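**Q** dropping the sequence and predicted coords here.
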Amino acid sequence: MRIRIALLVPLLIACSASPNSPGEIRAQREQWAERTPQHYQFDQDVLCFCVPPHAVRMEVRDGAIVAMTDRETGAAVPQSSWGAFYTIEGLFELIAEAARMQPARLDVTYHATEHYPTSISIDYMANAADDEVTIKVVALTRMDG
């Protein structure tokens, strides 16, 4: 009996879904979709070799960004810069696209009960400089009431 259990444990570990597998990404996205608020705000930090701002507070209504503030300066972020940031649904699209590209590294952490991504780290090419990006989602607040 001990031999059977010893053989089963590695098999079960190998078959369990990794946090970055397409199945796990899909499952987290579906659970978020079941709970998606119509109106919410959150803080997003982008760590990359890219143009500032890197820390924003974003307000989303009906899936679209309606306001964004630079958390470092308190200034409104011009709409022309909003394309550098992602709603929660946009983050799921980014994760799925990155997974399809098979990057050197893709690490995703999800909120335990709300199922949105709280941290995404992507290194597209192992030996390339400055292609890495990390996005953090902090303090998501439902504003639906």
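**A** That came through, no problem. Numbering: from 1, shown residues only.
**Q** now the end-to-end length of stretch 64-81.
**A** Length of stretch 64-81, first residue to last, C-alpha to C-alpha, to the nearest Å: 14 Å.
**Q** same thing with stretch 118-127?
**A** Start-to-end, stretch 118-127 (C-alpha to C-alpha) is 26 Å.
**Q** just how off-centre is that stretch within its chain?
**A** The chain centre lies 11 Å from the centre of stretch 118-127; the measure is C-alpha atoms, centre = their mean, to the nearest Å.
**Q** can you list the strands that the helix or strand hosting Val108 pairs with?
**A** Counting by DSSP states H and E, the element that carries Val108 is strand 105-110. Paired with strand 105-110 in the same sheet, following DSSP bridges, are strand 117-123 (antiparallel).
**Q** now the strand holding Val108 - C-alpha only, CSV.
**A** Below are the C-alpha coordinates for strand 105-110, written out as CSV (Å, rounded to 0.1, in the frame of the first residue of the first chain):
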residue,chain,number,x,y,z
ARG,A,105,8.6,33.7,-16.9
LEU,A,106,5.0,34.4,-16.1
ASP,A,107,4.0,34.6,-12.4
VAL,A,108,0.5,35.5,-11.4
THR,A,109,-1.1,35.8,-8.0
TYR,A,110,-4.8,36.1,-7.5
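**Q** quick check: buried residues in it?
**A** For strand 105-110, the neighbour count (16 or more other C-beta atoms under 10 Å) marks Leu106, Val108, Tyr110 as buried. Every C-beta, even on glycine, is put in place using the N, C-alpha and C of the backbone.
**Q** check stretch 34-47 too.
**A** Thr36, Pro37, Tyr40, Gln41, Phe42, Asp43, Gln44, Val46.
**Q** what sits up against stretch 93-102?
**A** Identification of contacts with stretch 93-102 by C-beta atoms under 8 Å, 6 or more residues apart in numbering yields Asn20, Pro22, Ile25, Arg29, Tyr86, Leu106, Val108, Pro117, Ile120, Ile122, Tyr124, Ile135.
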